[in-house]
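**Student:** Give me a model of this one.
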Amino acid sequence: RPDQAIDAYQKALMLNSTDAKVWHNLGVVRVRQAWAAFIQSYALVKGDDALRAKLDGLIGAMEKIPLEGLSRAPKGANPAATDVHR
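**Tutor:** Residues are numbered from 1 along each chain as shown. Predicted coordinates:
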């Protein structure tokens, strides 16, 4: 429930705006939301649309962020064997 988590983190920051862990957790939730939006957009965009290349670049860059779950590969799959371009 990312929206509820964001609300909770923002409330926590109103009480203590110097809590690094809360800022970190808020960032993680927002990165995951962005990731999900880019993946959904990529799934919907036509193959010849210029947006597809932009999304591919964004998703590729986000995959380099060391956060669990930011991979196009399904859990348990070999990431090298998964290619969303096919």
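**Student:** which SSE is the most centrally placed residue in the chain in?
**Tutor:** The residue lying closest to the centre of the chain (C-alpha atoms, centre = their mean) is Trp35, at 2.3 Å. Element membership of Trp35, judged by DSSP states H and E, is helix 20-44.
**Student:** Which elements pack onto whichever helix or strand comes after that helix?
**Tutor:** Under the assignment DSSP H and E, the closest C-terminal helix or strand after helix 20-44 is helix 50-62. On a contact count with 3 or more C-beta pairs under 8 Å, 6 or more residues apart in numbering; DSSP states H and E, helix 50-62 meets helix 20-44. In this view, the C-beta of every residue, glycine as well, is placed from N, C-alpha and C.
**Student:** buried ones in the helix it packs on?
**Tutor:** Buried residues in helix 20-44, defined by neighbour count with 16 or more other C-beta atoms under 10 Å: Val22, Asn25, Leu26, Val28, Val29, Arg32, Trp35, Phe38, Ile39, Tyr42.
**Student:** and it, how far out from the chain's middle?
**Tutor:** Centre-to-centre, helix 20-44 and its host chain are 4 Å apart (C-alpha atoms, centre = their mean, to the nearest Å).
**Student:** go on, stretch 43-59?
**Tutor:** That offset, for stretch 43-59, works out to 16 Å (C-alpha atoms, centre = their mean).
**Student:** List the buried residues in it.
**Tutor:** Val45, Arg52, Leu55, Asp56, Leu58, Ile59.
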